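J.: Curious how this folds, go ahead:
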Amino acid sequence: MLERLPRIGPRAYARVTKVAFVLLMLIVFTGAAVRLTGSGLGCPTWPKCHGHLITTKLDYHGAVEYGNRLITGLVGVGAIAAALLAYLRRPFRRDLAWLGLLLPIGVIAQAVLGGLTVLHHLAPGFVMGHFLLSLTVLAAAFALMWRARVEPDAPPIEDRRTVLAARAIVPVAIWVLILGTITTGSGPHPGTHGSEIAKRFTFHGGNTMDWMIHWHGRFSTFFGLCALALWFYLRRQGAGERVRRAATFLCLGIAAQGVIGFIQYENRLPTAIVWIHVCVATLTWLAVLWTAASAGRLAPAHEPASDRLTATA
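T.: Numbers count the residues shown, from 1 in each chain. Sure thing, here's the model as predicted:
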């Protein structure tokens, strides 16, 4: 049956993966807006909203939440297209097919987790998992988009130490993101409005939020120092312009996050600034992925560096 379907070329498929990636990035931004506008329970039931799958009788918060759900449907279409068209791409690549499958699976998992988040009245653990899963699916979409533009047999473009240094920043970024979500789960933006009540993290008593803010700040500073050290190391090693450019954007993103974080803390966490903080955190996460991807694949340990091609911008 698949033989009768039209085929798609590498360039066309690459454009599909880009669209899916952009949609998944936008849903992170809109999801943060739902929470920060206090619209997390604008539709108090799931999957129906006030008893209807399709409804126009909504207040402001209901419209924000319902709109985010509709956008999720569009994201689902993009994810399914990226997954199915991977099998129609010629030449067929198994790595793209496996990565493509992660997108609809991730969107389905997000829908289920979103439903559980609503059913448990925005419990901070579910909200935290919802955001982290979004970033995980976004990472899969980025990997798919990137690999769709690179030949699988492309030679290494950087030496092993450079690649390992670029990849070492990833777990540090993940830890900082986890701490950030815990901090948000301890703060004054539970996603509810009116008389609705949502639980917050209180594992350090009434001082939990302040305690988490300081620990998040410490590790964020460490993250920034690691990124800066990587930037200097890449320049010292004469790494390619592509990976150095990505590392530069990473350093700028972390610096921007530091300024934004200070502003929101000094102004008692205003909604608009917190939303910007979440958006820039997402972009910084993408800069981390960009840096690791720009370093290229890890060459076998026995392969001499002199035998490799040099990176081109």
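J.: Skip the chain neighbours and tell me the closest residue to L103.
T.: Excluding its sequence neighbours, the residue lying closest to L103 (C-beta to C-beta, 6 or more residues apart in numbering) is A79, at 3.7 Å. C-beta: built from backbone N, CA, C; applies to glycine.
J.: That neighbour contacts A20, correct?
T.: Yes: using C-beta atoms under 8 Å, A79 makes contact with A20 at a distance of 5.7 Å.
J.: what is in contact with the two at once?
T.: Common neighbours of A79 and A20 (criterion: C-beta atoms under 8 Å, 6 or more residues apart in numbering): L103, A141.
J.: Do a quick rundown of the helices in this structure.
T.: When secondary structure is read from DSSP state H, the chain shows helices at 10-36, 60-85, 94-119, 124-147, 160-184, 208-237, 241-266, 271-294.
J.: returning to that earlier point: for burial, what's the neighbour tally of the residue nearest to L103?
T.: Burial of A79 is recorded as 28 neighbouring residues (other C-beta atoms under 10 Å).
J.: Quick check: it vs R7, distance?
T.: 21 Å (C-beta to C-beta, to the nearest Å).
J.: now R242
T.: Distance from R242 to R7, by C-beta to C-beta: 31 Å.
J.: got it, and T208?
T.: To R7, T208 is 55 Å away according to C-beta to C-beta.
J.: Now do the same contact list for the closest residue to G224 other than its chain neighbours.
T.: Nearest residue to G224 in three dimensions, chain neighbours excluded: I254, at 4.4 Å (C-beta to C-beta, 6+ apart). Residues in contact with I254 (C-beta under 8 Å, 6+ apart) are S220, F223, G224, A227, T284.
J.: Would you agree A255 is in contact with L225?
T.: No: contact between A255 and L225 fails when scored by C-beta under 8 Å: they sit 11.7 Å apart.
J.: Give me the most central residue, this protein.
T.: L135 (2.7 Å; C-alpha atoms, centre = their mean).
J.: number of nearby residues for A141?
T.: A141 has 27 nearby residues by other C-beta under 10 Å.
J.: With the one 10 residues further on instead?
T.: Neighbours of E151 under the rule other C-beta under 10 Å: 9.
J.: how close does it sit to G296?
T.: On the measure of C-beta to C-beta, E151 and G296 end up 12 Å apart.
J.: R93 too?
T.: For R93, the distance to G296 - C-beta to C-beta - is 17 Å.
J.: neighbour-wise, which of the two wins?
T.: Each of R93 and G296 has its neighbours counted (other C-beta under 10 Å); G296 has more, 23 against 18.
J.: hang on, that one packs against V163?
T.: Yes: G296 lies in contact with V163 (C-beta under 8 Å); the separation is 6.4 Å.
J.: intersection of neighbour lists for the two?
T.: With C-beta under 8 Å, 6+ apart, G296 and V163 have common neighbours P156.
J.: the more surrounded of T208 and R7?
T.: Taking other C-beta under 10 Å, T208 and R7 do not tie; T208 has more neighbours (18 against 14).
J.: Now for the more buried one: which residues touch it?
T.: S186, R200, F201, T202.
J.: So for it, what's the pLDDT?
T.: pLDDT recorded at T208 is 91.
J.: What sits closest to it if chain neighbours are left out?
T.: The nearest residue in space to T208 (C-beta to C-beta, 6+ apart) is S186, at 4.5 Å.
J.: The one you found reaches P124, doesn't it?
T.: Yes: between S186 and P124 there is a contact under C-beta under 8 Å: 7.5 Å.
J.: Return every residue with contacts to both of the two.
T.: Shared contacts of S186 and P124, counting by C-beta under 8 Å, 6+ apart, come down to R200, F201.
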